[in-house]
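Q: I would like the atomic coordinates for the input below:
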Amino acid sequence: MASNSDVEPDVDADAGQHGGVQSVDRALQVLEILARDGHAGVSEIAEEMGIHKSTVSRLLGSLVTREMVHQNSERGKYQLGFGILRLASSIPGRLSLVREARPVLESLAEEFKETVNLAVLRSNYAVNVDQAMGPSTLATYDWVGSLTPLHATSSGKILLAALSADERNRIFKETGLQARTPRTITKRDELENQLLDVVRDGYAVTREEFEIGLNSMAVPIYNHVGAVIGAVSISGPAFRFDPEKTLGLIEALSQAGLSISAKMGYTRR
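A: Residues are numbered from 1 along each chain as shown. As a prediction, the model looks like this:
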């Protein structure tokens with residue numbers, strides 16, 4: 001009778017710590033392949049993972065039982081199942097945009113020495129829900145809780161650009177395009193053209209449109225389905241802060257937006 005030391009461990013078994021961890025890892029690989037390709041057969045998955053088809057079949061069987069994976073009866077291939085949707089739908093409500101964004105805001109404020117704000121759309125306005133202050137003594141105004149007009153702020157333009165034309169029509173009918181300063185854009189066609197630039201460039205800029213002496217730049221924040229759920233902006237005194245001429249700012253701000261978005265479940269495609 002062979003001793004335990006003479007028996008080679010079954011690394012593919014679910015029993016035992018090593019086998020269990022390996023099975024979990026392989027199951028996750030299967031889900032990633034299906035998420036990437038849309039559907040795949042046993043042979044395709046086995047070839048990519050470098051494991052036997054029987055192992056893939058066992059993994060798929062377990063995932064089908066849990067409704068994580070569904071087999072297409074016509075083609076025999078597998079795709080993600082509704083169980084994935086049930087899991088994913090529980091995520092957004094548990095994620096706090098403010099909490100997830102906070103370290104990113106602080107990092108930006110420290111790097112560029114200006115004020116960084118996080119804004120969301122509420123009741124036809126951009127409301128600032130968090131702020132990280134730059135070290136400058138000039139950056140002392142607390143914008144948290146402030147409602148700011150969508151057409152006159154960089155965050156607002158990001159939020160506007162993500163809306164449908166019908167939704168923008170409704171908002172402008174209710175709020176109008178009031179001038180906050182002599183530089184505020186108050187003509188609808190001019191604003192719409194600028195929103196097209198926002199979509200193309202991936203960022204919005206305002207120069208003294210909300211307040212004389214204040215410039216700002218903002219980028220979007222996306223959720224797990226790719227919808228814009230907020231904006232992160234950086235602002236500073238016009239005499240020293242020109243967003244598009246600040247070395248490295250566009251790249252850093254864009255990366256900040258993507259970083260926060262990733263924390264909210266967004267996967268860049």
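
Q: Would you map out the domains in this protein?
A: The chain breaks down by automatic domain parsing into domains covering 4-89, 92-263.

Q: Those: lowest mean pLDDT?
A: Among the domains of the chain, domain 4-89 has the lowest mean pLDDT, at a mean of 75.

Q: who are the neighbours in contact with Leu80?
A: Counting by C-beta atoms under 8 Å, 6 or more residues apart in numbering, Leu80 makes contact with Leu31, Leu34, Ala35, Met68, Val69, His70. Yep, even glycine has a C-beta here, placed from its N, CA and C like the rest.

Q: distance of it from Ser62?
A: Remark: distance between Leu80 and Ser62 (C-beta to C-beta, to the nearest Å) = 14 Å.

Q: could you list every residue that touches the nearest residue to Gly76 once chain neighbours are set aside?
A: Closest residue to Gly76 apart from its sequence neighbours, by C-beta to C-beta, 6 or more residues apart in numbering: Gly41 at 6.6 Å. Shown here is Gly41, whose contacts under the criterion C-beta under 8 Å, 6+ apart are Gly76, Lys77, Tyr78.

Q: Return the subset of those lying in strands.
A: Counting by DSSP state E, the contacts of Gly41 place Tyr78 in strands.

Q: Which one (most neighbours) among the contacts of Gly41?
A: Counting neighbours by other C-beta atoms under 10 Å, the top entry in the contacts of Gly41 is Tyr78, with 23 neighbours.

Q: Show me the beta-bridge partners of that residue.
A: Ala40, Gln71 (DSSP bridges).

Q: Does it touch Leu59 like I think?
A: No - under the criterion of C-beta atoms under 8 Å, Tyr78 is not in contact with Leu59, lying 10.2 Å apart.

Q: Ramachandran angles for the residue nearest to Gly76?
A: The phi/psi pair for Gly41 (degrees, to the nearest 10) reads phi -100, psi 170.

Q: how many neighbours does Arg99 have?
A: As a burial measure, Arg99 scores 10 neighbours (other C-beta under 10 Å).

Q: Now do the buried residues in the host helix or strand of it.
A: Arg99 belongs to helix 97-112 when assigned by DSSP states H and E. Neighbour counts over helix 97-112 (16 or more other C-beta atoms under 10 Å) mark Leu97, Glu100, Ala101, Val104, Leu105, Leu108, Ala109, Phe112 as buried.

Q: Can you say which two of those residues are spatially most distant?
A: Greatest spacing in the buried residues of helix 97-112, by C-beta to C-beta: Leu97 and Phe112 (21.3 Å).

Q: dump the residue contacts of Thr153.
A: Ala119, Ala126, Thr206, Glu209, Phe210, Ser216, Ala218, Ser233.

Q: show me where the stretch 51-200 of the chain has strands.
A: Here the stretch 51-200 of the chain has its strands, by DSSP state E, counting those that start in this stretch, at 69-71, 78-80, 115-122, 125-132, 147-149.

Q: Determine which stretch of the domains of the chain is the most buried.
A: domain 92-263 (a mean of 18; mean count of other C-beta atoms under 10 Å).

Q: From Ser164, how far out is the closest residue to Gly226 other than its chain neighbours?
A: Spatial nearest neighbour of Gly226, chain neighbours left out: Tyr266 (6.5 Å); criterion: C-beta to C-beta, 6+ apart. The span separating Tyr266 from Ser164 equals 20 Å under the rule C-beta to C-beta.
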